[in-house]
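Participant: what follows is a predicted protein model with its sequence.
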Amino acid sequence: MKRIALTGLTLAAILAAGAAGYWAGHRGVPLPGLRTWLGAEGTSAASEPAGAGPVIYYRDPDGKPLYSEQPRATADGRPFSAVRASEDLSFDEPPAPSAQTAEAKAERKLLHYRNPMGLPDTSPVPKKDSMGMDYLPVYAGDGADGNVIKLSPGRIQRSGVRSEPVSRQIITRPIRVPGAVQLDERRVAVVATRSDAFIQEVAPVTTGDRVAKGDRLVRLYSPEIAVAGAQFLTDLNAAARGAPEGGARQRLENLGVPAEIVAEIERSRKVPITINWSAPRDGIVLERNVVEGMRAAAGDTLFRLADISTIWVNADVPESELAAVRIGAPVTVRLRGRPEAAFQGKVGLIYPQVAEATRTTKVRVELANPDGMLLPNMYADVEIGSGDGVPALTVPDSAVIDTGTRRIVILDRGEGRFEPREVKLGQHGDGRVAISDGVADGDRVVVSANFLIDAESNLKAALSGLNPPEVKP
């Protein structure tokens, strides 16, 4: 009879699934109970041929660590080998240790015996558990692998363990925040007089109309401008007789009289009773505060104009995200009323203050608006690109286990060996996270079922902590 070599973890899985119910339906093995089947001495009561039981997975015919749940073939057309339940559970008797291996173990110091089921139970002397299985010896140096966890190919397949190589990429993470369209403060103009005046006539423009630079807005009469014009005409006549010119020209300029009006007085030698006041720039009329016949005091706003060919979008960025925003970062703006239209721009200014009520900071984006689609006070959805544009070592977000105090990844060392590694995280974005310390180029990290391996590592660490410092067999 071949003795059955069962690891503690494998036997635990069989017990959890119900050993009697599992084996009763395979190959007609009588199962009054697992202990009856094993026998009092732990021997097999049934002679089951190798490779019996259902197919649980398929493995590469060359022994490479490649597995599949379904039948498949290699690149050159050779089929994967089917692995049945008995083969995965290692029902063959383990090979006899060589003389060299036995001598090496004899030279090592025997520390203690551990429970074959993986339970936190050790013994200084050989013993059996409640099922009659021998406790396993633990020698000095068995923990040379440190935190490395070893799993069988079958368990890796059933657990869904999957790993990916660490890659060097540029991390970009869009910051999505609300924003509002605002006027470019540098493109707003006010039409006003610098002296008292009476409005003789108003051009047929209203709020919202577009005007061009030089278009007539109002015709007005100003006594102060008329007096300055008459003095300017006197200075011109005196200068024609050889007398020095006075300061009337400068006074007209100080009163804001357009240069073309001054040139007309100088040409015609006449002072107009009323003068035309024109638009100082292209734009739309934001305000019209003037009507015919009214008296306007010096400094009163007659019209308010704005050039909207270039517009601002002020985005409210939370204080926690502010560190990821930089001047010149790319920005995409979408209007909530027209989500299909996207405007591209860059961060032009980060305002040097945080709003106390909302804990946000305004970030200014300057956009071209040739079609006039962007209107002041419109709501917008702003997407700001973040990142420094430098490639960094990155892993998928699913590879990182965040315990709150530590960040861990599971390194795949190959041949079923896994090692937990504490890492330092960097920028997040695009479903990946940069690793500033803890991994290197060429490493592979587990991205699926890594919590199961981490739990296995914690169990191993707990068992190691139960080992007495000095145990004599």
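Facilitator: Sure, I can see it. Numbers count the residues shown, from 1 in each chain.
Participant: quick check: Ser183 touching Pro376?
Facilitator: Actually, residue 183 is Leu. It isn't Ser. Yes - the pair Leu183 and Pro376 passes the contact test of Cβ atoms under 8 Å, sitting 5.2 Å apart. Bear in mind the C-beta positions are built from the backbone N, C-alpha and C, glycine included.
Participant: between these two, which has more neighbouring residues?
Facilitator: Legend: neighbour count by other Cβ atoms under 10 Å for Leu183 and Pro376, higher for Leu183 (19 against 15).
Participant: that one bridge partners, please.
Facilitator: Assessed by DSSP bridges, Leu183 has beta-bridge partners Ile311.
Participant: and it, what does it touch?
Facilitator: Ala306, Ile308, Ile311, Trp312, Pro376 (Cβ atoms under 8 Å, 6 or more residues apart in numbering).
Participant: recalculate using a threshold of 10 Å.
Facilitator: Taking Cβ atoms under 10 Å, 6 or more residues apart in numbering, we find Leu183 in contact with Gly283, Ile284, Leu286, Ala306, Asp307, Ile308, Thr310, Ile311, Trp312, Leu375, Pro376, Asn377.
Participant: measure it to Ser448 for me?
Facilitator: When distance is defined by Cβ to Cβ, to the nearest Å, Leu183 is 52 Å away from Ser448.
Participant: now do Asp371
Facilitator: Relative to Ser448, Asp371 is positioned 49 Å away (Cβ to Cβ).
Participant: these two: who's more crowded?
Facilitator: Ser448 (15 against 8).
Participant: now that one, what are its backbone angles?
Facilitator: Main-chain dihedrals, Ser448, degrees, to the nearest 10: phi -140, psi 140.
Participant: correct me if wrong: it contacts Asp412.
Facilitator: No - counting by Cβ atoms under 10 Å, Ser448 does not reach Asp412; the two are 11.1 Å apart.
Participant: and Val205, what helix or strand is that in?
Facilitator: Taking DSSP states H and E as the definition, one finds Val205 inside no helix or strand.
Participant: and it, how close does it get to Pro420?
Facilitator: Relative to Pro420, and taking Cβ to Cβ, Val205 is found at 74 Å.
Participant: okay, the two: which has more neighbours?
Facilitator: Taking neighbours as other Cβ under 10 Å, Val205 and Pro420 compare with Pro420 leading, 23 against 19.
Participant: rounded mean pLDDT for the helix or strand the more buried one falls within, please.
Facilitator: Applying DSSP H and E as the criterion places Pro420 in strand 417-422. Averaged over strand 417-422, pLDDT sits at 86.
Participant: starting at the chain centroid, how far to the helix or strand just after that strand?
Facilitator: Next in sequence after strand 417-422, counting helices and strands by DSSP H and E, comes strand 424-429. A distance of 8 Å separates the centroid of the chain from that of strand 424-429, by Cα atoms, centre = their mean, to the nearest Å.
Participant: what's the next secondary structure element after strand 424-429?
Facilitator: strand 432-437.
Participant: which residues of the stretch 101-250 of the chain score low on pLDDT?
Facilitator: Within the stretch 101-250 of the chain, the ranges that satisfy pLDDT under 70 run 101-108, 117-120, 140-147, 245.
Participant: what does the stretch 351-473 of the chain give?
Facilitator: In the stretch 351-473 of the chain (pLDDT under 70), the answer is 388-389, 454, 456-473.
Participant: apply 80 and report the result again.
Facilitator: For the stretch 351-473 of the chain, applying pLDDT under 80 flags the ranges 387-390, 429-430, 449-473.
Participant: all strands for it, in order.
Facilitator: Along the stretch 351-473 of the chain, the segments classed as strands by DSSP state E, counting those that start in this stretch run 360-368, 379-384, 392-396, 401-402, 407-414, 417-422, 424-429, 432-437, 444-448.
Participant: need the distance between the two termini of stretch 376-396.
Facilitator: 42 Å (Cα to Cα, to the nearest Å).
Participant: right, I mislabeled it, should have said stretch 294-311
Facilitator: First-to-last residue span, stretch 294-311, Cα to Cα: 34 Å.
Participant: so which bits of that stretch are buried?
Facilitator: Residues of stretch 294-311 classed as buried by neighbour count (16 or more other Cβ atoms under 10 Å): Ala296, Asp300, Leu302, Phe303, Arg304, Leu305, Ala306, Asp307, Ile308, Ile311.
Participant: which residues does the fourth one bridge with?
Facilitator: Going back to what we said before, that points to Phe303. The partner residues for Phe303, given DSSP bridges, come to Val191, Arg288.
Participant: and it, how far from Ser195?
Facilitator: Distance from Phe303 to Ser195, counting by Cβ to Cβ: 17 Å.
Participant: repeat that for the third one.
Facilitator: Leu302 sits at a distance of 13 Å from Ser195 (criterion: Cβ to Cβ).
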